[in-house]
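Asker: This is a predicted model, with the sequence first.
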Amino acid sequence: MANLISSILSFSALFSFLLFHCSNAAYNVLNFGAKPDGKTDSTQAFLKAWGAACKSGSASTISVPKGRYLVKAIAFRGPCRSRITVQIDGTIVAPSDYWALGNSEGKWILFIQVNRVSVIGGTLDASGPAFWACRRTGRNCPSGARSITFNWATNIVISGLTSINSQLSHMVINSCKNVMVKDVRLSAPRQSLNTDGIHVQGSTGVTVTRATIQTGDDCVSIGPGTRNMLMSNINCGPGHGVSIGSLGWGPREDGVQNITLTDAVFSGSDNGVRIKSWARPSNGFVNNVLFQNIIMKNVANPIIIDQNYCPSNQGCPRQSSGVKISQVTYRNIKGTSATQKAVSFDCSSSNPCKGIKLQDIKLTYMNKAASSSCKNVAGSSSRVPMPGLCF
Ligand SMILES: *[C@@H]1O[C@H](CO)[C@@H](O)[C@H](O)[C@H]1NC(C)=O
């Protein structure tokens, strides 16, 4: 009798084990017709795998095995019924003809209105070089595409992703909530135009940790409506640094609030930490920002606020920014500046910067203390050995 009971028990344990594992559905793109040869168009196969996963009543995994997969502009749409993990062990490549992404409204790989999606591993290669070359010659070129975009997405994890040769931005997070980006490598050459690393806007709760970013534009750019963002362990350069902005193009614009960058190294970048706004009327704002524990290595503008952004003096009728900048702390920032002026605060004459704090800043230029310049800014400093500092 005892024997019978124990075998019933172990049978039911086995049964529930099987049930649990079979309920975690797996979809391999190869089974939907994808070819890992880098030549066959696998777009439809990826879409079919997504369709199956999206309908699944239980958590599912889409797997992309080793190999190269040619994928054109593609949209992974939600809402879906359950959690989806996209496990990528291969490389996804864009068509070498850059006109092929021309009609994709600026997006190559798009996740839209999804919830609880994780993208793990993988390499994206947007075949950018021919597109950059076209732009440099000023010939008739398409507008180009961002590599991976999340629009109106919630509870997203992007982990271990590599992106190379993006035409424009590598990664865009737009109107999202709760996004974790970790262990990513984003790379494009210094000379490639508008290849931002990560662009975030209209989003709350974005965390970026352990990212290595080498690009021709901002390593991270933070647009209007970004709140509660944390960046840590960031390696940036070449590139244009970590930028809040450009802000204040529009008269009505969401503010940027509660942004932290901690533990970062900038190497040979044009800027370190920058806040930038157009010299135009706007109700935008930047409030509660912390930049701390940062090493600058030969950075042209290590610390900069530029509220007089107006390339070619076009479209800035009053030449003063409406964006209100307040409570920005710079703490423990050390290293070398590639120019004499390591700290530059050029704030708006109509809306001076307030509550700017500098603590433990040690930046040198050619082995001597670097200098600063300040316009329309109020704040305080401690332990900042810099001759002629504004406060
Ligand atoms: C600020 O953002 C962090 C994430 O970086 C979050 O943990 C914290 O709760 C936010 N603070 C407020 C007051 O919202």
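Answerer: Nice, thanks for sending it over.
Asker: which other residues reach stretch 241-248?
Answerer: 218-224, 226, 231, 234, 236, 253, 256, 259, 261, 264, 266, 269-278, 280, 282, 284, 286, 289, 291, 299, 301, 309, 321-323 (Cβ atoms under 8 Å, 6 or more residues apart in numbering). In this view, the C-beta of every residue, glycine as well, is placed from N, C-alpha and C.
Asker: Kindly apply the preceding question to stretch 249-263 instead.
Answerer: So stretch 249-263 is contacted by 202, 222-234, 242, 244, 247, 273, 278, 280-294, 322 (Cβ under 8 Å, 6+ apart).
Asker: near the ligand too, which of those?
Answerer: Contacts with the ligand within these, counted by Cβ under 6 Å from any ligand atom: Asn228, Leu230.
Asker: now the stretch 51-200 of the chain, which segments are flagged as low pLDDT?
Answerer: The model of the stretch 51-200 of the chain has pLDDT under 70 over residues 102-104.
Asker: residue boundaries of the helices in this protein?
Answerer: 2-23, 43-55, 129-137 (DSSP state H).
Asker: model confidence over stretch 295-314, on average?
Answerer: Mean per-residue pLDDT for stretch 295-314: 95.
Asker: Counting neighbours, show which residues of it come out buried.
Answerer: Residues of stretch 295-314 classed as buried: 295-310 (neighbour count, 16 or more other Cβ atoms under 10 Å).
Asker: Looking at those, which two lie furthest apart in space?
Answerer: Ile295 and Cys310 (31.6 Å; Cβ to Cβ).
Asker: what number of residues lie near the closest residue to Asn298 other than its chain neighbours?
Answerer: Of all residues not flanking Asn298 in the chain, Ala338 sits nearest, at 4.8 Å (Cβ to Cβ, 6 or more residues apart in numbering). Counted with other Cβ atoms under 10 Å, the neighbours of Ala338 add up to 18.
Asker: Using CSV, write out every CA atom in stretch 108-122.
Answerer: Output in CSV follows, covering the C-alpha atoms of stretch 108-122 (Å, rounded to 0.1, in the frame of the first residue of the first chain):
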residue,chain,number,x,y,z
TRP,A,108,14.5,48.7,-38.4
ILE,A,109,13.5,46.5,-35.4
LEU,A,110,10.4,47.8,-33.6
PHE,A,111,8.7,46.5,-30.5
ILE,A,112,5.4,48.3,-30.0
GLN,A,113,2.8,48.1,-27.2
VAL,A,114,4.4,45.1,-25.7
ASN,A,115,4.5,44.2,-22.0
ARG,A,116,6.9,41.8,-20.2
VAL,A,117,9.4,41.2,-23.1
SER,A,118,13.0,40.3,-22.6
VAL,A,119,15.6,40.4,-25.3
ILE,A,120,18.6,38.4,-24.3
GLY,A,121,22.0,38.2,-26.1
GLY,A,122,22.4,38.7,-29.8
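Asker: and the residue nearest the centre of the chain, what does it touch?
Answerer: What sits nearest the mean C-alpha location of the chain, by Cα atoms, centre = their mean, is Ile198, with 1.7 Å. Contacts of Ile198 were listed using Cβ under 8 Å, 6+ apart, and they are 169-173, 181, 184, 186, 208, 211, 213, 219-221.
Asker: With neighbour count and distance to Ser163 as extra columns, can I get these in a markdown table?
Answerer: As requested, the contacts of Ile198 are exported to a markdown table (neighbours: other Cβ atoms under 10 Å; distance: Cβ to Cβ, whole Å):
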| residue | neighbour count | distance to Ser163 |
| --- | --- | --- |
| Ser169 | 27 | 10 |
| His170 | 31 | 4 |
| Met171 | 28 | 7 |
| Val172 | 24 | 11 |
| Ile173 | 25 | 13 |
| Val181 | 25 | 11 |
| Val184 | 21 | 7 |
| Leu186 | 28 | 5 |
| Val208 | 27 | 13 |
| Ala211 | 24 | 11 |
| Ile213 | 28 | 10 |
| Cys219 | 30 | 13 |
| Val220 | 30 | 14 |
| Ser221 | 24 | 15 |
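Asker: which ones among the residues you listed are found in strands?
Answerer: Met171, Val172, Ile173, Val181, Val184, Leu186, Val208, Ala211, Ile213, Val220, Ser221 (DSSP state E).
Asker: between those residues, which is nearest Val71?
Answerer: Met171 (16.3 Å).
Asker: The ligand versus the closest one, what's the distance?
Answerer: 18 Å (Cβ to the nearest ligand atom, to the nearest Å).
Asker: For this protein, which residues are neighbours of the ligand?
Answerer: Checking the chain against the ligand by Cβ under 6 Å from any ligand atom, the hits are Asn228, Leu230, Asn258, Thr260.
Asker: Does Cys347 touch Ser373 like I think?
Answerer: No - counting by Cβ atoms under 8 Å, Cys347 sits too far from Ser373 to count as a contact (11.2 Å).
Asker: who's more crowded, those two?
Answerer: Neighbours per residue, other Cβ under 10 Å: of Cys347 and Ser373, the larger number sits with Cys347, 26 against 16.
Asker: Got the confidence number for that one?
Answerer: pLDDT at Cys347 comes out at 98.
Asker: Same question for Ser12.
Answerer: Value for Ser12, per-residue pLDDT: 52.
Asker: Contact partners for Lys48?
Answerer: Per Cβ under 8 Å, 6+ apart, neighbours of Lys48: Phe32, Gly33.
Asker: How about Arg318?
Answerer: Ala279, Arg280, Pro281, Ser350.
Asker: quick one: Thr207 from Asn283, how far?
Answerer: 28 Å (Cβ to Cβ, to the nearest Å).
Asker: Just the closest of the ones in strands among the contacts of Ile198 to the ligand, please.
Answerer: Top of the list for closeness to the ligand, among the ones in strands among the contacts of Ile198 and by Cβ to the nearest ligand atom, is Val208 at 10.3 Å.
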